[in-house]
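**Q** Below is the sequence, then the predicted model.
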Amino acid sequence: MAGPSIASRTHEIQIREARTEESWTAQVAASLFSVLFPSDCRICGTPLVKISRLPVCQECVDAMHAIGGGVCSICGERLFSSYAVAGAAGEPRCGLCRRIEPPFARAAAYGSYESGLRELIHLLKYGGVRPAANVLGRMLAEAIATLEPELPADSVSLIPVPLHRTKLRQRGFNQAELIARAAMKIRPRGDRLHLCAGVLERRRDTASQIGLTSHQRRENLRGAFRVAQPELVKGREVLVVDDVYTTGATVSECSKVLLRAGATKVWVTTVARTLKISAQHAEIGPEAEDNLAKAVGT
Ligand SMILES: [Zn+2]
Ligand SMILES: [Zn+2]
């Protein structure tokens, strides 16, 4: 019985060679990758197997869930059934929002400011890992989507909470702006959102908030912001964007100056929010962050 023809045998060899070459290329790429980027996941420490600009594994990203359960209809604080008392319009409100109406209409956050999400935000802010902004932007887009039914139909100005120019120079970027940009890119109706990065200006570097109570922090922030482009605010609803909502002092101060400049309504979205269950972390949060910032020289 005749064997396979020379032609078919040559073809077979070619396929085998191609396969060998393919796996060889993959091996070289993998080893080159491990030499160039000998990184483990910066959150859980697992060696990274896929080439990615973000040094965080998929499992860690997947574990960053959206806030579930009942939250305050104004500030997004977690509600436990015993505290869930309806406001005038019948929506649940936390104790704080029942006592003092915040200057913003509503603040929506994607996830709880703890574990992985907290570390991812720190990677961006203090580690300078810019690709983290893309993942955070995806989360911000989800938070914006929850506000969607209430936002004006035509266009919404996205106003990132600004950094003081000294801090901006040190860090090289404003994380709130990077996250806002990333969110706009992935939103299907991103054209409705307009980034207005220069609208707000931070006049004072408020890094000296270490050790202050939330009341003192509010006092300390007074006069820290100014509307540099009032023409983009007057008579419009605006959406303030920040990475984290801790006590709400920062976004409240921004909201006040925007309203004073003629904004008709201020909405707030953040990637993360401190929640009641992590109250201890919330208490030490800003101070710990400032110390961390000092430690890494930002
Ligand atoms: Zn991981
Ligand atoms: Zn509330």
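**A** All right, it came through fine. Ligands and ions are numbered 1, 2, ... in the order given.
**Q** ok, then the element right after the strand or helix carrying G137?
**A** Element membership for G137, per DSSP states H and E: helix 132-147. Once the chain leaves helix 132-147, the next helix or strand it forms, by DSSP H and E, is strand 156-160.
**Q** now the strands for the stretch 1-150 of the chain?
**A** 85-86, 92-93, 106-112 (DSSP state E, counting those that start in this stretch).
**Q** right, and the ones you listed - which one's nearest ligand 1?
**A** Nearest of these to ligand 1, taken as Cβ to the ion: strand 106-112 at 16.0 Å. For glycine as for every other residue, the C-beta is placed from the backbone atoms N, C-alpha and C.
**Q** who's in contact with that closest one?
**A** For strand 106-112, contacts defined as Cβ atoms under 8 Å, 6 or more residues apart in numbering pick out 64-67, 73-76, 117, 139-140, 142-144, 146-147, 150, 245, 248, 251, 267-275, 277-278.
**Q** Next, the angle from the helix holding G137 to strand 106-112.
**A** Between helix 132-147 and strand 106-112, the angle comes out at 130 degrees (axes from the mean of the first three to the mean of the last three Cα atoms, to 10 degrees).
**Q** Return the distance of helix 132-147 from the chain's centre.
**A** Relative to the centre of its chain, helix 132-147 is centred 7 Å away, using Cα atoms, centre = their mean, to the nearest Å.
**Q** Begin at 199, not 1, for the rest of this chat.
**A** Yes, from this point I'll number from 199; that puts the last item at helix 330-345.
**Q** now for that helix, which elements pack on it?
**A** Applying 3 or more Cβ pairs under 8 Å, 6 or more residues apart in numbering; DSSP states H and E, we find helix 330-345 packed against strand 304-310, helix 313-323, helix 373-384, strand 435-443, strand 463-471.
**Q** and of those, who's closest to T404?
**A** Nearest of the helices and strands packed on helix 330-345 to T404, taken as Cβ to Cβ: strand 435-443 at 13.3 Å.
**Q** The closest one and ligand 2 in contact?
**A** No: using Cβ under 5 Å from the ion, strand 435-443 stays clear of ligand 2, coming no nearer than 10.7 Å.
**Q** Go ahead and produce CSV holding the CA coordinates of that strand.
**A** Presented in CSV, the C-alpha positions along strand 435-443 are these (Å, rounded to 0.1, in the frame of the first residue of the first chain):
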residue,chain,number,x,y,z
GLU,A,435,-27.2,70.4,36.0
VAL,A,436,-23.8,69.0,36.7
LEU,A,437,-22.2,65.7,37.7
VAL,A,438,-19.3,65.9,40.1
VAL,A,439,-16.9,62.9,39.9
ASP,A,440,-14.4,61.7,42.5
ASP,A,441,-12.6,58.4,43.2
VAL,A,442,-13.8,58.0,46.8
TYR,A,443,-16.7,59.3,49.0
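**Q** anything in the helix or strand just after that strand near ligand 2?
**A** Heading C-terminal from strand 435-443, the first helix or strand you meet, by DSSP H and E, is helix 447-458. No: shown here: helix 447-458 not in contact with ligand 2 (Cβ under 5 Å from the ion), separated by at least 11.6 Å.
**Q** and the angle from helix 447-458 to strand 463-471?
**A** Angle, helix 447-458 to strand 463-471, by the same axes, to 10 degrees: 170 degrees.
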